[in-house]
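**Student:** Sharing a model that was predicted from the sequence below.
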Amino acid sequence: ADALTSGCLNHEAKDSYTVQVTVTDAGGLTGVGTVTISVNDVNEAPTISPQTRTLPEKLTLDRDPADLEVGPEVEADDVDDGDKLVYLIGPCSDSYPVQSCSL
């Protein structure tokens, strides 16, 4: 059988394939039909690339979150339609004293 595609099937790129199938019996007679193959969607992990933000020295974090803006939002991507991304700052340690929070 010939391959339908090179590489992995990807629902976001193409959610179905239609192929023509020919069958032949022992007597040499053939039949032809089409088969539709649906690619199920699976939940894929979001991606985030390295980014840098800068905070001023001696900044206290006990202030209004609007006063803590340090530039553009952190960018992440999820190929799954409709997935809501939740951001978590952390982990916490003595050298990184920020409490974890979801945004």
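**Tutor:** Sure thing, it's come through.
**Student:** Next one, pLDDT for the nearest residue to L9 once chain neighbours are set aside please.
**Tutor:** Leaving aside its chain neighbours, L9 sits nearest to V39 (4.8 Å; criterion: CB to CB, 6 or more residues apart in numbering). C-beta: built from backbone N, CA, C; applies to glycine. Looking at V39, its pLDDT stands at 93.
**Student:** Likewise for G27?
**Tutor:** So G27 comes in at 96 (pLDDT).
**Student:** cool, and L68?
**Tutor:** pLDDT, read off for L68, is 65.
**Student:** returning to what we had before: I'd like the distance between the residue nearest to L9 and V21.
**Tutor:** According to CB to CB, to the nearest Å, V39 stands 18 Å off from V21.
**Student:** ok, back up a step: tell me the contacts of the residue nearest to L9?
**Tutor:** L9, N10, H11, K14, D15, S16, Y17 (CB atoms under 8 Å, 6 or more residues apart in numbering).
**Student:** Using PyMOL, define a selection of the buried residues within these.
**Tutor:** Selecting only the buried entries of these in PyMOL, with 16 or more other CB atoms under 10 Å as the criterion:
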select buried, resi 11
